[in-house]
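In: The following comprises the amino acid sequence and a computationally predicted model.
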Amino acid sequence: MSPDVAAPYLQFLTTLTPDGIGELDRHCAPTVRFRDPFHDTAGIAAYRQVLRSMYEAMDVDEFTVTPPVCAGPVCHFEWTLRYRFRSPMLPRASSVIQGASRLLFDADGWVTAHTDYWDAGLIYERVPGLGLLVRGLKGRIANA
């Protein structure tokens, strides 16, 4: 499969706003599966809800992607998310998560699976109290 097949979906993701979540239907199969460290959903309605929840929890300052690498029906790309939490209980400072994604397309070019890979510990470290525990555990593991 050509990277050109992934281009419209990646353009959608990099320009996504809360008002544009309904446009997900133009790119994904009705049965699309979305997975990341916090979610494992099936169906476009569930994927839309993941995106809505993300925008309720954070302000997305920037989402950038690398050109995809595709083989057969699978495409991979790396991404960078710059965001700020909205909750008054969490730090408002700008944060960055870097990750990678795997997309699976059907024969008609619809996204049938989207899996994000990233370190969820980066989120846990930002939570007051929990962050101290996570950083302490990471330090102990690194020095073991």
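Out: Good, I have the coordinates. Residues are numbered from 1 along each chain as shown.
In: got the contact list for the residue nearest the centre of the chain?
Out: Nearest to the mean C-alpha position of the chain, counting by CA atoms, centre = their mean, stands residue 116 at 5.4 Å. Applying CB atoms under 8 Å, 6 or more residues apart in numbering, we find residue 116 in contact with 34, 35, 36, 37, 99, 100, 101. (Glycine included, C-beta is placed from N, CA and C.)
In: among those, which are in strands?
Out: If you go by DSSP state E, those have 34, 35, 99, 100, 101 in strands.
In: Show the end-to-end separation of stretch 28-45, please.
Out: End-to-end span of stretch 28-45 (CA to CA, to the nearest Å): 11 Å.
In: Averaged pLDDT, it. What do you get?
Out: Mean pLDDT, taken over the full extent of stretch 28-45, equals 98.
In: which other residues reach it?
Out: Stretch 28-45 is touched from outside by 9, 24-25, 46-47, 49-50, 106, 110-120, with contacts defined as CB under 8 Å, 6+ apart.
In: distance between that stretch and the chain's centre?
Out: Relative to the centre of its chain, stretch 28-45 is centred 11 Å away, using CA atoms, centre = their mean, to the nearest Å.
In: Number the residues from 163 up from this point.
Out: Right, with 163 as the first residue, what we last looked at is stretch 190-207.
In: buried ones in that stretch?
Out: Of the residues in stretch 190-207, those scored as buried under the neighbour-count criterion (16 or more other CB atoms under 10 Å) are 190, 191, 194, 195, 196, 197, 198, 203, 206.
In: again with stretch 287-296
Out: Judged by neighbour count using 16+ other CB under 10 Å, the buried positions of stretch 287-296 are 287, 289, 293, 296.
In: Out of those residues, which comes closest to residue 166?
Out: Residue 166 lies nearest to residue 287 out of the buried residues of stretch 287-296, by CB to CB, at 38.1 Å.
In: From the contact counts, what lies against the lowest-mean-pLDDT helix or strand in the chain?
Out: Sorting the helices and strands of the chain by mean pLDDT, DSSP states H and E puts helix 292-304 at the bottom, at a mean of 77. With contacts defined as 3 or more CB pairs under 8 Å, 6 or more residues apart in numbering; DSSP states H and E, the secondary structure elements packing on helix 292-304 are helix 283-286.
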